[in-house]
Each structure stands twice: as C-alpha cells, then as structure tokens.
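1. Sequence isn't available, so here's the structure alone:
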C-alpha cells in the first residue's frame, strides 16, 4: 500500500485545521476484530444490540474505521473529519 501523504506539506491541502503528519495512520481492521468481543459485551451490559451500540472514534484519518466497524456489525459509528481538541 502506498502512502497518500509522504510529507507534512501535503497535509495542509487536505485538513482544514492544524495537524501532525504522525496523526494520520489508520488502525487496521484486525485490531477492530480484536476489540469486537469487548464491544459486544458492552452492548449486552447496556441492554442494546451490537448494531445499536454507539461507538465514537475522534481520530478520523481516512474514515476507514467506520467501514471496518460496520462490517463487524456495529452500525452506529461516529467518526468525523473535524478538530476535536
């Protein structure tokens, strides 16, 4: 896989706020598979279906985590390209 950004200056073209080059690396899908049992347990403890559990990830990167989580059965995922600090 090739890197979309190879230098900090290319980040300025895409992000509407101050950002650091090292903040834009996606978590791989296998990592979300690892936390799936924990999230399913959280859903059970909240007495909701896994698909209805709200999952918030403030780190947008490319936004791929939404697709990863949807594929794992979590449909209510909040992940937006915004400066949350």
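-> Noted; the coordinates are in hand. Quick caveat, the model's predicted, so the values are computed rather than measured.

2. buried set for the longest helix anywhere in the chain?
-> What stands out as the longest helix in the chain, according to DSSP state H, is helix 29-45. Across helix 29-45, burial judged by 16 or more other C-beta atoms under 10 Å covers 32, 39-40, 43. From N, CA and C alone the C-beta is placed, and that goes for glycine too.

3. Closest one of those residues to residue 61?
-> residue 32 (13.1 Å; C-beta to C-beta).

4. That closest one and residue 72 touch, don't they?
-> Yes - counting by C-beta atoms under 8 Å, residue 32 does reach residue 72; the two are 5.9 Å apart.

5. From residue 34, how far off is the residue lying closest to residue 46 once chain neighbours are set aside?
-> Nearest residue to residue 46 in three dimensions, chain neighbours excluded: residue 53, at 6.9 Å (C-beta to C-beta, 6 or more residues apart in numbering). Distance check for residue 53 against residue 34: by C-beta to C-beta, to the nearest Å, it reads 16 Å.

6. next one: residue 45
-> Here the criterion is C-beta to C-beta. By it, residue 45 lies 19 Å from residue 34.

7. do the same with residue 61
-> The value you get for residue 61 to residue 34, if C-beta to C-beta is used, is 18 Å.

8. Next: residue 43.
-> 16 Å.

9. same deal with residue 28?
-> 10 Å.

10. again, but for residue 25
-> Taking C-beta to C-beta as the measure, residue 25 falls 17 Å from residue 34.
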